[in-house]
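Chemist: Next come a sequence and a model predicted from it.
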Amino acid sequence: MLPIDQTTHERVTAALSGRAAERARAGWVAFRELEMPSERLEQWRYVHPGIDLGAFGLPDRAGRPHPAVLGGPWSASAVNVDGRTVAAQDGDGVEVAALATQSDQGPTVAIADRFEAMHEAFSSDGVLVTVPRGAAVADPVLIDLQAVTPDSASAPRIRIVAAASSQVAVVVHERSPDGMPALVVPRFEIEVDNGARVHLIVIQQWGDETAAVARHHYVAGRDATVGLAEAGLGGRFSRLHLSVDLIGDGSSADIVGAYFGDHSQTLDYRYFLRHAARGTTSEMFLKGAVAGQSRSVFSGLIRIEREGQKTSAHQTNRNLVLSDGADAHSVPNLEILADDVRCGHGSAVGPLDEEQRYYLMSRGLDRMRADRLQVKGFFEEALVRFPVLRFEPVLRAALMAKYAGVTA
Amino acid sequence: MSAALRVAGLDVRLGELHIIRNLDLEVPFGELHVMMGPNGSGKSTLCHALMGRPGYLVSGVAEVGGVDVLGLEVDRRAAAGLFEVFQYPVEIPGVTLRDLIAEMAEAGGEAIGHRAVEVAARLDTSSFWDRPVNVGLSGGEKKRSEMTQLLALAPRMAILDELDSGLDVDAVREVAEAVQHMRGPDLGVLVITHYTRVLRYLEVDRVHVMLDGRIVQSGDRSLADRLDTEGYDGLRTSLGMSHPEGDSFLTGL
Ligand SMILES: Nc1ncnc2c1ncn2[C@@H]1O[C@H](COP(=O)(O)OP(=O)(O)OP(=O)(O)O)[C@@H](O)[C@H]1O
Ligand SMILES: [Mg+2]
């Protein structure tokens, strides 16, 4: 295991060249200078990640992957273990490759906090998905993202580059064993060219001692669509910091989420949508439940630049608080610089609805059944918006299994 | 033999409000009774207090088929045979009528599912069977959804709060005929309504008038016709009751 220090940074990024090497070097400088984020920063309000970098190291080789559990068919796939891509398979016109072997490592990025810097400084591999112009990839691409080595830190980078008028859905299954401490600092970059459509589906099932600090950044060109659908199930601490730049006229973003926290989990969502072109649309719809001593944060910001005329943007975040010890923070925000826009936001945090419970019990359901049905209905509105329909039953079952766990 | 519903000396309070006062009511098996009363007189409160909605302070006696239901959980009251068609059915987002019926059948037995399928065909539930319960349903669809659940559960005592509200003339007939059709020796029915038109399609055994949380008069269906011409004010006068100063909703504020 290699400590998180300069020697390790130099060693793991030694093979990089050109812009990739620049990225890594800039990352190291920022990593050395930045402090660990604390609650005092607006971006980190409400959460205590409790991550001690000294407790983790970079494994010198990838551990053995667990067999895939999500059912296909897939058009193409990759397996990344402890930050290293150990398998990659092209198919149906889409290229999937280990990022370390590729020249396109992505543009340099603005680094906002120490975890982002850490990713830049220590990332040496990941997955590059390239969709050629006009390709309509029928089945989704699977990226199996695993952490399997105890006390490991890893920084996989997922890049999806969709050329004009192409279409693809990419499923990322994030997982690690329960009871195994691990730190994962992934970065997801999506570039959607004119008229293309990319949907990313993240099934987050990190183990209960894994801390994940994920950064997502998407850019959509003219008439392009980019979507994220995330099911937040696992992790001790899981943060997803998303920024979407709608820079092409008529581009759109479609963001969906369903999350369920139990025990002492923290699920932390920071979603920023920037409308910087005419006629852009965005839809954000997240539903979450917290039980036990868990906590969730949704901090959403829709910013409409002066160029964002004729924009339509909506964000909805609703939270069920299922126990006294749990809490959910929901902070929707709008920043509107254009004048001809249609915006809306709704946010709610509360317990199960008593009137619904009463009505359902009056139909002969005991309290347990009535509440379970209400919880199922609560998530249903999010699940039906997930783009790949065949995961609906899997995700429903996973969410309801968590609910069954907290009522047992 | 016990009645489908026997209520004696019932008092219902909600915070400071004393809504139902010393109410007696008996609906024998096989009979259909009608309850009428002005807005705010306490009809819906009576329904909810019997069904067990949380928040009320209830005292007195309420039995369904001889089973004392006060103090039972809501689902146990349903199991005792009580069913309430809600005046304002609650929306259950994300749960379709199909889901709900399936859950009801799982909880209460397969027969519920079989009856629901049979009823659904008769009441034309196709437009909302796969939609979330009561969400965005028209007045008629809501009533048909409620009737489907009622007939699926086959209760011993059915209370239909505002059977005809929000329904067009054809729908009133359809729903009333469904009620008439379900009657039998093992079922008591209480229909709450503001209008006599629904009574055209029903064989009514008894009519009760509720004023200010009390049943002030009971009689045969001619009582309903009398109300239609005299109004509640006329009834108050003939009973020697004082007239409220205004809308009871306003005085309650
Ligand atoms: N939750 C509540 N909070 C405050 N007041 C209430 C509540 N529920 C009932 N009331 C009051 O109790 C009284 C009886 O109401 P109820 O709904 O039982 O009347 P109703 O006879 O069903 O009227 P309607 O014919 O309009 O349906 C009214 O004055 C009403 O305002
Ligand atoms: Mg009423």
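Modeler: Cool, the structure landed. Numbering: from 1, shown residues only, chains lettered A, B, ... in the order given. Ligands and ions are numbered 1, 2, ... in the order given.
Chemist: Tell me how many other residues crowd residue B:222.
Modeler: Neighbourhood size, residue B:222 [other Cβ atoms under 10 Å in any protein chain shown]: 9. Bear in mind the C-beta positions are built from the backbone N, C-alpha and C, glycine included.
Chemist: Over to the one 10 residues further on?
Modeler: Other residues within reach of residue B:232 by the criterion other Cβ under 10 Å amount to 20.
Chemist: Identify the residues contacting it.
Modeler: The neighbourhood of residue B:232, defined by Cβ atoms under 8 Å, 6 or more residues apart in numbering or on different chains, consists of B:37, B:38, B:209, B:211.
Chemist: Check these and tell me the two furthest apart.
Modeler: The largest separation in these, counting by Cβ to Cβ, is between B:38 and B:209 at 9.4 Å.
Chemist: who's more crowded, those two?
Modeler: residue B:209 (23 against 20).
Chemist: For the residue of the stretch 51-200 of chain B found nearest ligand 1, grab the count of nearby residues.
Modeler: Residue nearest to ligand 1 within the stretch 51-200 of chain B: residue B:87 (5.7 Å; Cβ to the nearest ligand atom). Neighbour count for residue B:87, taken as other Cβ under 10 Å: 17.
Chemist: Roughly how far does it sit from ligand 2?
Modeler: Residue B:87 sits 5 Å away from ligand 2, going by Cβ to the ion, to the nearest Å.
Chemist: and that residue, helix, strand or coil?
Modeler: coil (DSSP: H, G, I helix; E, B strand; the rest coil).
Chemist: From what I see, it and residue B:164 are in contact.
Modeler: No - using Cβ atoms under 8 Å, residue B:87 is not in contact with residue B:164; the gap is 10.9 Å.
Chemist: what about the helices in chain A?
Modeler: A:6-12, A:18-33, A:114-122, A:354-361, A:367-383, A:392-407 (DSSP state H).
Chemist: what's the most buried one of the ones you listed?
Modeler: Among the helices of chain A, helix A:114-122 has the highest mean neighbour count (mean count of other Cβ atoms under 10 Å in any protein chain shown), at a mean of 25.
Chemist: average pLDDT for it?
Modeler: The pLDDT scores in helix A:114-122 average 97.
Chemist: So which elements touch that helix?
Modeler: The helices and strands touching helix A:114-122, judged by 3 or more Cβ pairs under 8 Å, 6 or more residues apart in numbering or on different chains; DSSP states H and E, are helix A:6-12, helix A:18-33, strand A:210-220.
Chemist: Can you give the contact residues for that helix?
Modeler: A:4, A:8-9, A:12-13, A:23-24, A:26-28, A:30-31, A:34-37, A:53, A:58, A:109, A:111, A:153, A:155, A:157, A:185-187, A:213, A:215.
Chemist: now that helix: how far from the chain's centre is it?
Modeler: Centroid separation for helix A:114-122 versus its chain: 17 Å, with Cα atoms, centre = their mean, to the nearest Å.
Chemist: what's the angle between it and helix A:18-33?
Modeler: Interaxial angle, helix A:114-122 versus helix A:18-33 (axes from the mean of the first three to the mean of the last three Cα atoms, to 10 degrees): 130 degrees.
Chemist: how about the CA coordinates for helix A:114-122, as CSV?
Modeler: Extracted C-alpha coordinates of helix A:114-122, given in CSV (Å, rounded to 0.1, in the frame of the first residue of the first chain):
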residue,chain,number,x,y,z
ARG,A,114,-9.1,19.0,-1.6
PHE,A,115,-10.9,15.8,-2.7
GLU,A,116,-11.0,17.1,-6.3
ALA,A,117,-7.3,17.9,-6.0
MET,A,118,-6.7,14.4,-4.7
HIS,A,119,-8.5,12.9,-7.6
GLU,A,120,-6.3,14.9,-10.1
ALA,A,121,-3.1,14.1,-8.2
PHE,A,122,-3.7,10.4,-7.8
